[in-house]
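> coordinates only, sequence not included:
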Ligand SMILES: Nc1nc2c(ncn2[C@@H]2O[C@H](COP(=O)(O)OP(=O)(O)O)[C@@H](O)[C@H]2O)c(=O)[nH]1
Ligand SMILES: Nc1ncnc2c1ncn2[C@@H]1O[C@H](COP(=O)(O)OP(=O)(O)O)[C@@H](O)[C@H]1O
């Protein structure tokens, strides 16, 4: 049985290559109640990516104008490019009763938490080892050696923010990690303060008992 509830703002962060895109795709494919927040970025499109699906690819001037017009819930510089979360889609999804998934870095997680506080659930994904992280970046075949070296250099910094998250998972086996992410989302959805329909439901239950104390 499902009562009305407040949407979860579900943040997945990790150093580049640890597997957050893989996990998010699995979540989106398996659960129609959660939808992705599509970020705007000034970084170039990678092979296999689609504009408007993976990101909105924009130039720096467009990005700056969007930021100046207050269109972002949060934005940050990452790997020398700008990345931001457009506010409108998130608000539309929440109004439609969906949960929203964010693939954003620690700066974004922090800003989103400042904006939306307890509605935000922050999950950080760690690689089992740094050697495995580098292997995954190479196996993905989307970045040059230079870009991979920059991502590895930044990974240590990203990992140092692990303690700003509510949950920290180690992505050794994809299926195991995915199960853990699903368990977190399931439990968070059940939290009392998200179940806004509970107040009325419990009141009606109590009122349906003729012998109940009328002050309840
Ligand atoms: N703050 C913030 N970070 C973002 C946003 N979109 C993506 N990122 C982060 O930017 C980093 C680089 O993303 P990307 O270029 O797709 O590389 P990948 O993580 O290696 O696939 C990742 O840590 C993302 O989580 C956003 O809208 N805001
Ligand atoms: N648990 C895992 N074991 C082995 N390879 C993985 C695992 N998780 C992800 N990968 C692979 O590692 C690469 C990087 O994963 P990706 O999801 O793109 O990371 P991120 O979005 O964090 O940068 C991809 O080629 C992906 O298929």
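Yes, it's here. Computed from a predicted model, the values in this text were never measured in an experiment. Ligands and ions are numbered 1, 2, ... in the order given.
> ranges for the helices of this structure?
For the chain, the helices defined by DSSP state H cover 20-30, 60-68, 87-95, 106-116, 130-140, 145-159, 174-189, 198-207.
> Dump those to a markdown table, plus distance to ligand 1.
Every residue, glycine included, has its C-beta placed from N, CA and C. A markdown table is the format used below for the helices of the chain (distance: least, CB to the nearest ligand atom, whole Å):
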| stretch | distance to ligand 1 |
| --- | --- |
| helix 20-30 | 5 |
| helix 60-68 | 11 |
| helix 87-95 | 11 |
| helix 106-116 | 3 |
| helix 130-140 | 8 |
| helix 145-159 | 6 |
| helix 174-189 | 15 |
| helix 198-207 | 33 |
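> which bits of the protein sit near ligand 2?
Neighbours of ligand 2 within the chain, by CB under 6 Å from any ligand atom: 14, 16-22, 136, 139-140, 171, 173-174.
> Dump those to CSV, plus pLDDT and distance to residue 155.
Converted to CSV, the residues of the chain next to ligand 2 look like this (pLDDT from 0 to 100; distance: CB to CB, whole Å):
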residue, pLDDT, distance to residue 155
14, 96, 9
16, 89, 7
17, 92, 7
18, 96, 8
19, 95, 13
20, 94, 12
21, 92, 15
22, 95, 16
136, 95, 11
139, 92, 16
140, 85, 14
171, 98, 13
173, 96, 20
174, 97, 19
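> Please check those residues and keep the buried ones.
Buried by 16 or more other CB atoms under 10 Å: 14, 16, 17, 18, 19, 20, 22, 136, 171, out of the residues of the chain next to ligand 2.
> All set, thanks.
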